[in-house]
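# Build me a structure from this.
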Amino acid sequence: MKPAHAAASLIAALFSGFAILFGAFDPAAADPAAAVAPLADAQIPAGPRPRVYLFRGFAGIVFSRGMDALAERIEQAGFPATVNEAVICPVIAKDAISDYRANPAPIVAVGHSVGAACAIAFAGMLGDENIPVSLVVTTDPNRIAGDVPKNVERYINIFQSTSVLGGRDVKPGKGFAGHYASYDLKEHQDISHLNIEKMTTIHEQVLSKIQGLATTPAKGGSDPAPIRFVVPADADLELWDSGAAVKTRRGDTLETIAAQYHVPPWSLIQLNPDADKAPLAVGRRLIVPQHLMPATAGDGTAVSQAPEKH
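Numbering: from 1, shown residues only. Sure, this is the predicted structure:
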């Protein structure tokens, strides 16, 4: 084991020991769904497999075990994944740069709390070496987290603005032009800083996005619009990638648009202020949340990423 890795593991173990001694947290009690079953019929794409770097939060051996559960699920699906302590973020970035130069492959970073801040910094360190990062997902970053660097192609933040330990509403950084989605779960009282990164629905959707990286190009089609939501207390968390602009037609209402694009009306109301207070004029520009769709052009080039009509 490298000295930096060993030192970080020792620090994490000490923090974990103090937490256990003082009875701060029982991970089993707070995480009844931590054991996630493998995804059925998982498909491993052709070509280089994405490398996934996960970063635990403070005293993560106890408090960020959701990262371990997610990493196990990712590996079961056939993708290389490592779980790391935030204190060795620069070391992991250096290794990732070396690995990418030796064998380029899509890079994914996932982090919780201070580990989320690390995931963003990790992406920035790769950006300094002109290495793209395909996907960054953060759960309740703490307040030291920076903005999203411009080399990130897709960024998703799930947080609680009321969280004392996390709560960082991460913004796109200068030059960022990728897909951006922000989800504030402050109205979900059953979720806290200690269990947000253990949510099964987040694990499932993150894994699905990793599986689709090889066939869902982040560039191409119309420019993505950033989306920001306060998820209602009675709404499920659906991790759209960004927004796409559409124009209304005669007879369109928010309800018909929502049905057409399979999105909840509340998402359109939040993205399009006042759209629910007046008739929709023909040709009005609306932002609709979108999932990136697989490229279908015969030559393998990217196609429009606008939401699929049904």
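# what secondary structure does I92 sit in?
Assigned with DSSP: H, G, I helix; E, B strand; the rest coil, I92 falls in the helix class.
# OK, contacts around it?
Going by CB atoms under 8 Å, 6 or more residues apart in numbering, I92 touches Y53, F55, T82, N84, F122. All C-beta atoms are positioned from the backbone trio N, CA, C, and that covers glycine.
# domains for this structure, by residue range?
As given by automatic domain parsing, the domain ranges for the chain are 48-212, 239-310.
# Using TSV, lay out the ones you listed together with distance to P224 and mean pLDDT.
Output for the domains of the chain, formatted as TSV (distance: least, CB to CB, whole Å; pLDDT from 0 to 100):
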stretch	distance to P224	mean pLDDT
domain 48-212	5	95
domain 239-310	4	82
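# Specify the stretch among the ones you listed that is closest to A225.
Closest approach to A225 among those (CB to CB): domain 239-310, 3.6 Å.
# next one: the closest one to chain centre, how far?
Offset of domain 239-310 from its chain centre (CA atoms, centre = their mean, to the nearest Å): 21 Å.
# now stretch 128-141
On CA atoms, centre = their mean, the centre of stretch 128-141 falls 9 Å from that of its chain.
# what's the closest of the domains of the chain to S222?
Between S222 and these, the tightest spacing by CB to CB is seen for domain 239-310, at 6.1 Å.
# Tell me the secondary structure of the residue nearest to the spatial centre of the chain, please.
Central residue of the chain (CA atoms, centre = their mean): V137, 2.5 Å from the mean position. Reduced to three states with three-state DSSP, the structure at V137 is strand.
# what pairs with it across the strands?
Counting by DSSP bridges, V137 is bridged to V110, I156.
# Would you confirm that it contacts S208?
No: with contact defined as CB atoms under 8 Å, V137 does not reach S208; the gap is 11.7 Å.
# which stretches of the stretch 1-150 of the chain form helices?
With DSSP state H, counting those that start in this stretch as the criterion, the stretch 1-150 of the chain has helices at 3-21, 27-30, 60-63, 65-76, 89-102, 114-127.
# Same check on the stretch 201-310 of the chain?
254-261, 265-271.
# follow-up on the earlier one: okay, the domains of the chain, which one's buried deepest?
Across those, averaging neighbours per residue (mean count of other CB atoms under 10 Å) puts domain 48-212 on top, at a mean of 21.
# can you redo the contacts of I92 as JSON lines with distance to L280?
Shown next, in JSON lines, are these (distance: CB to CB, whole Å):
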{"residue": "Y53", "distance to L280": "44"}
{"residue": "F55", "distance to L280": "44"}
{"residue": "T82", "distance to L280": "48"}
{"residue": "N84", "distance to L280": "48"}
{"residue": "F122", "distance to L280": "43"}
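# ok, the residues you listed vs S113, which is closest?
Proximity of the contacts of I92 to S113 (CB to CB) peaks at F55, which lies at 9.1 Å.
# Run through the bridge partners of that closest one.
Assessed by DSSP bridges, F55 has beta-bridge partners N84, G111.
# who touches it in this structure?
Going by CB under 8 Å, 6+ apart, F55 touches 67, 83-86, 89, 92, 109-112, 115-116, 118-119, 122.
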